[in-house]
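1. Quick one, fold the following:
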Amino acid sequence: MASKSKISRTRNIGIVAHIDAGKTTVSERILFYTGKSYKMGEVHDGEAIMDWMPQEQERGITITSAVTTCNWRNSEIHIIDTPGHVDFTIEVERCLRVLDGTIVVFCAVSGVEPQSETVWHQADKYRIPKVAFVNKMDRIGSDFSHVVNMMSTRFRSTPLPIQLPVGREDTFRGVIDLINLKMLIWDDCTQGVEYTTNEIPQEYAEAATREREKMIEVLADCDDSIAELYLSGEEPSAQQIISAVRKATIDLKVVPVLCGTALRNKGLQPLLDAVVHYLPSPEDIPPVKGINPKTKEEEIRNSSDKEPLAALAFKIMLDEGRKLTYLRIYSGQISSGDEVYNVVKKKREKIARLLRMHSNKRERIDKASAGELVAVLGLKETTTGDTLCDEEHPIMLEQMEFYEPVISQAIEAKTPADQEKLSQALIKLTDEDPTLRVKYEDETAQTVISGMGELHLEIIVDRLSREFNARVNVGRPRVVYRETIQKHIEAEGVFEKELGEKKHFGKVCIELSPRKRGTGNEIINQVPEDVIPSEYHSAIEEGIREAMMSGVLNSYPVIDVGVKLTGGAYREGESSAQGYKIAAATAFREGCLMADPVMLEPIMMVDIITPGEFMGDVIGDINARRGEIQAVNPKGPVAEIKAKVPLKAMFGYSTDLRSATQGRAVFTMIFAEYNKA
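-> Predicted coordinates:
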């Protein structure tokens, strides 16, 4: 039974939020109160433990997700602190893929911000239970109930306040615990380590009783045992309420809401209690599903050491030049020295060392079991999204989808010595970051890097010179366009040539048709086997996929095209895979030329929050950039403007927006769609 209890006492959680809501400060306090760190790191001093990269410390933002482990109330909590900046959304996405629960941090002044909506929806996509923490209750303009109301209107889930703040702004001293009906007040002299539990004073008694009633009503809707007590007029015990909140949270019916101020060290211990009480252990979540590559049947793996191994590599990181692979172990166990099977690459890999991570410090361990997040050294072929399993019982877990880059920049090495370092560094960085693409352009003899935004590329260039000592000259950022077609067309390609004594022949007939924007490419094979033998079909598809990589107008990737393989011809002794591959690529390119090809440009969803007096100027500027205003929502003294704007018109926007609004407006932008350029 020992292993079962260990799993039930494990929590794998992430901390997610909009940039600047205070996620990293919350993580730092958690490490301090659980005894993992002996002094509090501050983001604004560049000393946060979780923000260990020099680029993070200088900018005061989180770029890579850091993993750490701590203990609280006899439970082992694995925490991932994720980035809030939209350019690093993929970091959040790949962490949520492997977590069982998450703390969503909101700023008590700004409430639900654009990126907090993004991360909330990402968590919903993976069906992850959430606990909300309203931070910065000590700030001027903080308003707990306003944030809770915003949560109910913006999200399709029910926020359930289990606390009320005591005081607000600079008089914020503590919280009222609605479950136990007690008041908790923090002591400023002990850095918030000590707090006192008191009876609720008269002035808060009425509000506390009213809010507790509301809380029990919400729980009665989703829990039968609470409903029975409620209807018979009985008062549920604190333990019954905790069990009901836990069940409703794991079933995604409610989101418990707590409040505090991480910077002033108030409200963190109840948040840790909430993680242990309400967020699921690996046993409480549904078993992970995957496909058996041999039988193509769906299989499941329960979170248990007794089941065969299934682990997902969710992040690759370089540490002093060595490749660290982060794994989430869903079932089974691994020990250092074990051989594991990478089912995606169809290769065996050896685990040289197993490490429990504490941000960028580490502790060697001999074995790790189901439910844990660990890092391993020694995996050479494994990349993000690969499944490691037992070769006798193979399983392929659902692979991750990565966003397509929207912005690119040409870089070139300053000297021949830098060129060698640059090539090595880019191989390592693309291993680590699946949203970074690298392409060498023959015409200009330049290396082009593509990524998710200006900040993303700026940090990559910074890391090239700092970590890898590769000095580069950088071109201006450029937009990554796409191409597509507008007409339905039939085309054929024939290849007939003698290469080194051997004749190669291939003939392929295809139909091309435009697809709805955003649906991607599709290849449907309708070639009968008596026309072209099936052994050549994969070569034909490969030829078309390769041809899709560079279009006919300006060599940009082709998207949203449907290809039907309809026929061709076969010659005994002359047909070859090479012949069919080239014929298929030729057919595709010629078809595209006839099918009215067009260029598409990336359109961004831009979300701007500006003081009301500058609203007219901001809207005028967006219109001048060929933008379409989607919505304008006044929020008291500020207004939120949502607009769709071509990425090309957004370069340097942050500087222009700052100068137009005296530095008071902020914006985020996310890729929305491709549209005709």
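2. In contact with Ala274: list those residues for me.
-> Contact partners of Ala274, counting by C-beta atoms under 8 Å, 6 or more residues apart in numbering, are Val131, Ile162, Pro256, Leu258. Where you see a C-beta, it was placed from the backbone N, CA and C, and this is true even at glycine.
3. Tell me how many other residues crowd the second one.
-> Pointing back at Ile162 there. Ile162: 26 surrounding residues under other C-beta atoms under 10 Å.
4. Kindly report the same for the one 3 residues further on.
-> The number of residues packed around Pro165, counting by other C-beta under 10 Å, is 28.
5. What is the least confident helix or strand in the protein?
-> Across the helices and strands of the chain, the lowest-confidence element by mean pLDDT, DSSP states H and E is helix 54-59, at a mean of 47.
6. my read: Met183 touches Gly167, true?
-> No - with contacts counted by C-beta atoms under 8 Å, Met183 stays clear of Gly167, the gap being 10.9 Å.
7. Neighbour count: the two, which is higher?
-> Neighbour count, other C-beta under 10 Å: between Met183 and Gly167, Met183 has more, with 21 against 14.
8. what helix or strand does that one sit in?
-> Assessed by DSSP states H and E, Met183 sits inside strand 182-186.
9. what's the next secondary structure element after that strand?
-> Strand 182-186 is succeeded, C-terminally, by strand 195-198 (DSSP H and E).
10. Direction included, what does that following strand pair against?
-> strand 182-186 (antiparallel) (DSSP bridges).
11. Show me which positions of the strand it pairs with end up buried.
-> Residues of strand 182-186 classed as buried by neighbour count (16 or more other C-beta atoms under 10 Å): Lys182, Met183, Leu184, Trp186.
12. Ser575 versus the first one, what's the distance?
-> Spelled out, that is Lys182. Distance of Lys182 to Ser575, given as C-beta to C-beta, to the nearest Å: 81 Å.
13. now do Tyr536
-> To Ser575, Tyr536 is 7 Å away according to C-beta to C-beta.
14. With Lys439 instead?
-> Distance from Lys439 to Ser575, counting by C-beta to C-beta: 33 Å.
15. one step back: dump the buried residues of strand 182-186 into a markdown table; add distance to Ser145 and pLDDT as well.
-> Below are those laid out as a markdown table (distance: C-beta to C-beta, whole Å; pLDDT from 0 to 100):
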| residue | distance to Ser145 | pLDDT |
| --- | --- | --- |
| Lys182 | 20 | 93 |
| Met183 | 18 | 94 |
| Leu184 | 19 | 94 |
| Trp186 | 21 | 89 |
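16. so which of the residues you listed comes closest to Ile13?
-> Checking these against Ile13 by C-beta to C-beta gives Leu184 as the nearest, at 21.9 Å.
17. Do you know the pLDDT at the closest residue to Val406 other than its chain neighbours?
-> Once flanking residues are discounted, Val406 sits nearest to Pro602: 4.3 Å by C-beta to C-beta, 6 or more residues apart in numbering. Pro602 carries a pLDDT score of 88 in this model.
18. which residues does Pro602 contact?
-> By C-beta under 8 Å, 6+ apart, Pro602 lies in contact with Val406, Val479, Val480, Tyr481, Arg482, Pro646, Leu647, Phe671, Glu673, Tyr674.
19. How confident was the prediction at the last one?
-> It stands for Tyr674. Here the pLDDT value assigned to Tyr674 is 88.
20. Report the strands that pair with whichever strand or helix holds it, each with its relative direction.
-> Using DSSP H and E, Tyr674 sits in strand 666-676. Here strand 666-676 has these sheet partners by DSSP bridges: strand 598-611 (antiparallel).
21. any idea of the pLDDT on the residue nearest to Glu297 when sequence neighbours are not counted?
-> In space, Glu297 comes closest to Ile291 once its chain neighbours are excluded; the distance is 7.3 Å by C-beta to C-beta, 6+ apart. Ile291 is assigned 89 on the pLDDT scale.
22. swap in Val193?
-> We have a pLDDT of 82 for Val193.
23. how many other residues sit next to it?
-> Applying other C-beta under 10 Å, we find 13 residues neighbouring Val193.
24. and it, what does it touch?
-> Listed by C-beta under 8 Å, 6+ apart, the contact set of Val193 reads Tyr33, Asp187, Asn265.
25. which one of those is nearest Tyr570?
-> Closest approach to Tyr570 among those (C-beta to C-beta): Tyr33, at 71.7 Å.
26. Could you measure from the closest one over to Pro256?
-> Tyr33 sits 19 Å away from Pro256, going by C-beta to C-beta.
27. Assumed Ser116 was part of a strand.
-> No - under DSSP: H, G, I helix; E, B strand; the rest coil, Ser116 falls outside any strand and is assigned helix.
28. Go ahead and confirm it touches Gly22.
-> No - look at Ser116 against Gly22 with C-beta under 8 Å: they stay out of range, at 11.8 Å.
29. Can you name the residues that contact Ile333?
-> You called it Ile, but residue 333 is Gln. For Gln333, the contact set (C-beta under 8 Å, 6+ apart) comprises Asp305, Leu309, Lys367, Ala368, Ser369, Ala370.
30. Flag the shaky bits of the stretch 451-600 of the chain, pLDDT-wise.
-> For the stretch 451-600 of the chain, no stretch has pLDDT under 70.
31. Output the contacts of Ala274 in CSV, with distance to Arg625 and pLDDT appended to each entry.
-> Putting those into CSV (distance: C-beta to C-beta, whole Å; pLDDT from 0 to 100) gives the following:
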residue, distance to Arg625, pLDDT
Val131, 40, 96
Ile162, 45, 94
Pro256, 42, 96
Leu258, 41, 96
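32. Helices of the stretch 51-200 of the chain, residue ranges please.
-> For the stretch 51-200 of the chain, applying DSSP state H, counting those that start in this stretch gives helices covering 54-59, 89-96, 114-125, 144-154.
33. distance between the lengthiest helix in the chain and the chain's centre?
-> Identified as the longest helix of the chain according to DSSP state H is helix 202-222. Mean C-alpha position of helix 202-222 versus that of the full chain (C-alpha atoms, centre = their mean, to the nearest Å) differs by 36 Å.
34. pull the CA atoms of that helix into CSV?
-> Once non-C-alpha atoms are left out, helix 202-222 reads as follows in CSV (Å, rounded to 0.1, in the frame of the first residue of the first chain):
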residue,chain,number,x,y,z
GLN,A,202,-18.6,41.7,14.5
GLU,A,203,-18.0,44.0,11.5
TYR,A,204,-17.3,41.0,9.2
ALA,A,205,-19.7,38.5,10.7
GLU,A,206,-22.7,39.4,8.6
ALA,A,207,-20.8,39.4,5.3
ALA,A,208,-19.1,36.1,6.2
THR,A,209,-22.4,34.4,7.0
ARG,A,210,-23.9,35.6,3.8
GLU,A,211,-21.0,34.5,1.6
ARG,A,212,-20.8,31.1,3.4
GLU,A,213,-24.5,30.6,2.6
LYS,A,214,-23.8,31.4,-1.1
MET,A,215,-20.9,29.0,-1.1
ILE,A,216,-23.0,26.1,0.3
GLU,A,217,-25.8,26.8,-2.2
VAL,A,218,-23.3,26.5,-5.1
LEU,A,219,-22.0,23.2,-3.6
ALA,A,220,-25.5,21.9,-3.0
ASP,A,221,-26.0,22.2,-6.8
CYS,A,222,-23.1,19.9,-7.5
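35. now for the following helix or strand past that helix, which elements pack on it?
-> Per DSSP H and E, the first helix or strand lying C-terminal to helix 202-222 is helix 224-231. In terms of contacts (3 or more C-beta pairs under 8 Å, 6 or more residues apart in numbering; DSSP states H and E), helix 224-231 is packed against helix 202-222, helix 238-250.
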